[in-house]
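Undergrad: below: sequence and its predicted model.
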Amino acid sequence: MEFTRRETLAMGAGAALLTVLPFRANAASVDELINEFTGGAAVADSGVDLIAPEIAENGNTVPIEVAAEGASAIMVLAAGNPTPPVATFNFGPRAGSHAASTRIRLAGTQDVIAVARLADGSYARTSKTVKVTIGGCGG
Amino acid sequence: MASGVKPRVKAPSSATAGEVVTIKTLISHKMESGQRKDSSGNVIPRSIINRFTCDYNGENVIDVKMEPAISTNPYFEFEAKIPETGEFKFTWYDDDGDVYEDSKAVTVG
Amino acid sequence: MNFKAMTAMAALLFAPAAYAGGADDDTLIVNDEIEMVTKTAAPEHLDGALDQIISGWHFRADETQQLQTDDFENQGMIFVDQAMDTWNTAEGSEDKSCADCHNDPAESMKGVAATYPKWNEEAGELRTVQMQVNDCRESRMGAEAWKYDAGEAINMEAMIASHSRGMPVDVAIDGPVAEQWEKGKDIYYTRYGQLELACASCHEENYGNYIRADHLSQGQINGFPTYRLKNARLNGVHSRFRGCIRDTRAETFPTGSPEFVALELYVKSRGNGLSVEGPSVRN
């Protein structure tokens, strides 16, 4: 019996559990954006936290949280979106903590990157891979 | 002019001096990213809220630069430190020039 | 019958999947005060088709579940606010607002979502909340009826539902509505479309399993109207029915149709005992 590619994929996905959109990256633009934010300064790989789901239930609304002790600003990028910038949180004198939560759109499986400007003027970054799935009949 | 834009903010009505409180803000807005096309294949132009600020008694708590990747009906959660009795001012700035505001009074003591 | 499609669907549905199996064990308490019953014994009329009825909340990822726990995190609540503005605005030839007759919805609308769809004796028909609202608008306000499941209508249904949260769903299935209940039950078990799927195929026989990346729920509607992450807005029951039937590749019934009113009554009754959650948050 013959199956179309779609049906074969659907069956395969049933066994493989998830149908995941291919990994996307927009490398050059991400590096430029980070350089612009840091002025070319060195960026440490610890000092900022990023909480994001491993598998996003829906790429249209993905909850994330960023935090960096004493940071004056945290920039968030979605490396695989058509345009990577997501948001830049600037903390003022009345900030109760240097953390914020929001919901973002992810076009496909990709790295979400957070870069923080810390109190002493240095920079830190972290990233998380978020898998974005295609739905079934929920559509 | 974006229509039907409505803010919804959770802030305490009272606090102790120096207390750190959690603020949750929502606002209804399509956040048209500029990536979508209409049925004729024309790009629907970008039209988003591009900035959100929260001040307490005139001093800034948070100032967010927002891009099209922020989801429809933007949500922000953050913390603010309350020094004395006063008022929170929340402001959202739309691409089209509109400004949406909300405020919440807080009593200390 | 399309043999290829059936075999593919059968293979897919019975494919072993490590994540398959029931819903999680979390508890839903909204705003630290509304305790929701999200799992309970199946109502008698199901006759053993299900042992336990489970809210769609349990089939969603932790992050999605979290969004429903606080009315200031639940994006659907912005639209409840908008409905409150409408509630207080006078409209139509009689220049009346909902508030003029119904005052504070927290009191007057309590229990409505729990018992609708319901028989209206005076009108002699089975009514959904939206149908009742439109009747008030036309007959008592002299205003125009709202389009079914669209903007203002769905916002208002969400606001009305929000005041029944925590109350058990309890729709009548006998008496004057018995015939339509049977009709709704019939539709639930009828296979539609090129894919020949009935509601029961996924929601009774395969809840807990995955269909591609979708974690199948029991298809309960105690959480409607629901804010879907997928389209970032409130969605009504009939629109959801349309989507499901369209996904079987069938010509679907229209929103507001008698078939969907009957189906809404039947599906709602499958959830008798679960708490009203609307507006809920789903994917």
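TA: Nice, I can see it. Every value quoted in this text rests on a predicted model; they were computed, and no experiment measured them.
Undergrad: what number of residues lie near residue 127?
TA: Answering for chain A, as no chain was given. Residues near A:Ser127, counting by other C-beta atoms under 10 Å in any protein chain shown, number 18. (C-beta placed from N, C-alpha, C; glycine too.)
Undergrad: should've been chain C
TA: 18.
Undergrad: which stretches in the chain count as helices?
TA: With no chain named, the answer covers chain A. A:5-16, A:27-38 (DSSP state H).
Undergrad: if you could check chain C rather than the one you did, that'd help
TA: C:3-13, C:62-67, C:76-87, C:98-102, C:105-108, C:112-115, C:129-135, C:151-162, C:178-188, C:199-203, C:237-247, C:258-270.
Undergrad: now the last one - C-alpha only, PDB.
TA: Spelled out, it's helix C:258-270. Taking C-alpha atoms only, helix C:258-270 is exported to PDB below (Å, rounded to 0.1, in the frame of the first residue of the first chain):
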ATOM      1  CA  PRO C 258     -29.300  23.900  15.600                       C
ATOM      2  CA  GLU C 259     -26.900  21.000  15.200                       C
ATOM      3  CA  PHE C 260     -24.200  22.700  17.100                       C
ATOM      4  CA  VAL C 261     -26.600  23.900  19.800                       C
ATOM      5  CA  ALA C 262     -27.600  20.300  20.300                       C
ATOM      6  CA  LEU C 263     -24.000  19.200  20.200                       C
ATOM      7  CA  GLU C 264     -23.100  21.900  22.700                       C
ATOM      8  CA  LEU C 265     -25.700  20.600  25.100                       C
ATOM      9  CA  TYR C 266     -24.500  17.000  24.800                       C
ATOM     10  CA  VAL C 267     -20.800  17.800  25.100                       C
ATOM     11  CA  LYS C 268     -21.500  20.100  28.100                       C
ATOM     12  CA  SER C 269     -23.400  17.300  29.800                       C
ATOM     13  CA  ARG C 270     -20.400  15.000  29.400                       C
END
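Undergrad: need the contact partners of it.
TA: By C-beta atoms under 8 Å, 6 or more residues apart in numbering or on different chains, the residues outside helix C:258-270 that reach it are C:43, C:45-46, C:50, C:53, C:116-117, C:126-128, C:131, C:169, C:171, C:173, C:177, C:180-181, C:183-185, C:187-188, C:199, C:218-222, C:237-238, C:241-242, C:253-254.
Undergrad: just to revisit the earlier point, weakest of the helices of chain A by average pLDDT?
TA: Confidence, taken as mean pLDDT, is least for helix A:5-16 of those (a mean of 50).
Undergrad: show the contacting residues for C:Gln75.
TA: A:Thr61, B:Leu26, B:Asn73, B:Tyr75, C:Leu67, C:Tyr227, C:Ala232, C:Val281.
Undergrad: return the subset of those lying in strands.
TA: B:Leu26, B:Tyr75, C:Tyr227, C:Val281 (DSSP state E).
Undergrad: most neighbours among these, which one?
TA: Of those, with other C-beta under 10 Å as the count, C:Tyr227 tops at 27 neighbours.
Undergrad: and that one, what does it touch?
TA: C:Tyr227 neighbours (C-beta under 8 Å, 6+ apart): C:Asn74, C:Gln75, C:Gly76, C:Phe79, C:Arg233, C:Leu234, C:Asn235, C:Pro279, C:Ser280, C:Val281, C:Arg282.
Undergrad: among the residues you listed, which two are most distant?
TA: Farthest pair in the contacts of C:Tyr227 (C-beta to C-beta) is C:Phe79 and C:Arg282. Separation: 14.9 Å.
Undergrad: hang on, the earlier thing: which of the ones in strands among the contacts of C:Gln75 sits closest to A:Pro85?
TA: B:Tyr75 (18.1 Å).
Undergrad: ok, which residues in the stretch 51-200 of chain C are in contact with chain A?
TA: C:Arg60, C:Ala61, C:Asp62, C:Glu63, C:Thr64, C:Gln66, C:Leu67, C:Gln75 (C-beta under 8 Å from any C-beta of the partner chain).
Undergrad: ok, and the closest non-adjacent residue to the second one?
TA: Think C:Ala61. Counting by C-beta to C-beta, 6 or more residues apart in numbering or on different chains, C:Ala61 lies nearest to A:Glu57, which is 4.4 Å off, once chain neighbours are set aside.
Undergrad: what is the burial count for that neighbour?
TA: Neighbour tally, A:Glu57, other C-beta under 10 Å: 26.
Undergrad: now do the contacts for it.
TA: A:Thr133, C:Arg60, C:Ala61, C:Glu63, C:Thr64, C:Leu229, C:Asn283.
Undergrad: what's the closest non-adjacent residue to the residue of the stretch 51-200 of chain C found nearest chain B?
TA: Using C-beta to the nearest C-beta, the closest approach of the stretch 51-200 of chain C to chain B is made by C:Phe72 at 3.6 Å. The shortest distance from C:Phe72 to any non-neighbouring residue, by C-beta to C-beta, 6+ apart, is to B:Lys10 (3.6 Å).
Undergrad: the nearest residue to C:Met159 once chain neighbours are set aside: how many residues sit nearby?
TA: Distances taken as C-beta to C-beta, 6+ apart put C:Ala83 closest to C:Met159, at 3.7 Å, once the chain neighbours are dropped. The tally of other residues near C:Ala83 (other C-beta under 10 Å) stands at 22.
Undergrad: just list the residues touching C:Ala83, thanks.
TA: C:Glu152, C:Asn155, C:Met156, C:Ala158, C:Met159.
Undergrad: now B:Arg51
TA: Per C-beta under 8 Å, 6+ apart, neighbours of B:Arg51: B:Asp63, B:Val64, B:Lys65, B:Met66, B:Trp92, B:Tyr93.
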